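A.B. asks: here is my input, please return the structure:
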Amino acid sequence: MKENIIKKYFLKQKGFTITELLVVMFIISLLSASVLISYRNNQRSYALDQASQQLVSNLRKAQNMAMNKVDIDGYNSYGIYAVINNNYYIIYADNNGDSMYHSSDRIIETINLLNNVKINNTLDVFFKSPDPKTYLNGNLSAGLSRTITLGVNGTSKTKIITITTAGLIQGN
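C.D. replies: Numbering: from 1, shown residues only. Here you go, the predicted structure:
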C-alpha cells in the first residue's frame with residue numbers, strides 16, 4: 001500500500017513549478033549583479049594603485065636623472081608638475097633656472113593617468129643637480145613635505161604620495 005502511494009506521488013511530479021524557476025532565476029541574477037559590482041570596484045582600485053605606483057616611479061626617475069646629471073638638450077635638473085583636476089602630469093627640465101615649471105620649460109614626457117584617475121591637488125616637485133636639491137612648489141626649506149593625492153572620479157578612493165625636501169618619496 002505504501003509503495004503505491006509513493007509511486008503515485010513520484011509519477012505526478014515531472015518538472016519544476018514556475019515559482020521554483022523564478023526563485024532560482026532571481027538568485028542567479030542577484031549573484032551575477034554582486035559579482036559585476038565587485039569587479040567594477042576592483043577595477044577602479046587597480047587603476048588607482050597603478051597610477052600611484054607610476055607617479056612614485058616617475059618621481060624617482062626625475063630624481064635619479066638629476067642625481068646622475070643626465071643631459072637632455074643641455075638640461076640636467078628635472079621635475080614633475082601635476083595640476084589639480086587633470087588626468088596627466090609632466091616631467092620637465094627647467095629652462096630659466098627658477099626650479100619651478102613654466103610653459104617655456106622643456107617638457108620631457110607627458111604621462112596620462114588611467115581610467116578616470118584624477119590629480120586632487122597641484123604640486124611642483126623639482127630636483128636640481130648636482131646634489132640634487134629638492135624643491136617643493138619652488139621652496140627648498142629644510143624639513144618641508146608636500147603631498148599629492150590621486151583619486152578616482154565618482155568614488156572616495158584616494159592614494160597619497162608624500163615628498164620631502166630631503167628627497168624622500170613615499171606612496172601609500
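A.B. asks: where does the chain dip in pLDDT?
C.D. replies: 1-2, 4-14 (pLDDT under 70).
A.B. asks: for it, longest helix please?
C.D. replies: Of all the segments of type helix in the chain, defined by DSSP state H, the longest one is helix 18-67.
A.B. asks: and it, how far from the chain's centre?
C.D. replies: On the basis of Cα atoms, centre = their mean, to the nearest Å, helix 18-67 sits 11 Å off its chain's mean C-alpha point.
A.B. asks: quick one: buried residues of the helix or strand following it?
C.D. replies: Downstream of helix 18-67, the next assigned helix or strand under DSSP states H and E is strand 78-82. Within strand 78-82, the residues that count as buried by 16 or more other Cβ atoms under 10 Å are Tyr78, Gly79, Ile80, Tyr81, Ala82. Using the backbone N, CA and C atoms, a C-beta is placed for each residue, glycine as well.
A.B. asks: can you lay out these as a markdown table showing distance to Ser29?
C.D. replies: Below are the buried residues of strand 78-82 laid out as a markdown table (distance: Cβ to Cβ, whole Å):
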| residue | distance to Ser29 |
| --- | --- |
| Tyr78 | 53 |
| Gly79 | 52 |
| Ile80 | 47 |
| Tyr81 | 48 |
| Ala82 | 43 |
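A.B. asks: with respect to Ile107, which of the residues you listed is nearest?
C.D. replies: Nearest to Ile107 among the buried residues of strand 78-82: Tyr81, at 9.1 Å, using Cβ to Cβ.
A.B. asks: that closest one pairs with what?
C.D. replies: Taking DSSP bridges as the rule, Tyr81 bridges to Ile90, Asp124.
A.B. asks: show me the contacts for it.
C.D. replies: Applying Cβ atoms under 8 Å, 6 or more residues apart in numbering, we find Tyr81 in contact with Tyr89, Ile90, Tyr92, Tyr101, Leu123, Asp124, Val125.
A.B. asks: for the last one, what are its contacts?
C.D. replies: Read it as Val125. For Val125, the contacting residues are Leu59, Ala62, Gly79, Ile80, Tyr81, Thr134, Tyr135, Leu136, Arg146, Ile163, by Cβ under 8 Å, 6+ apart.
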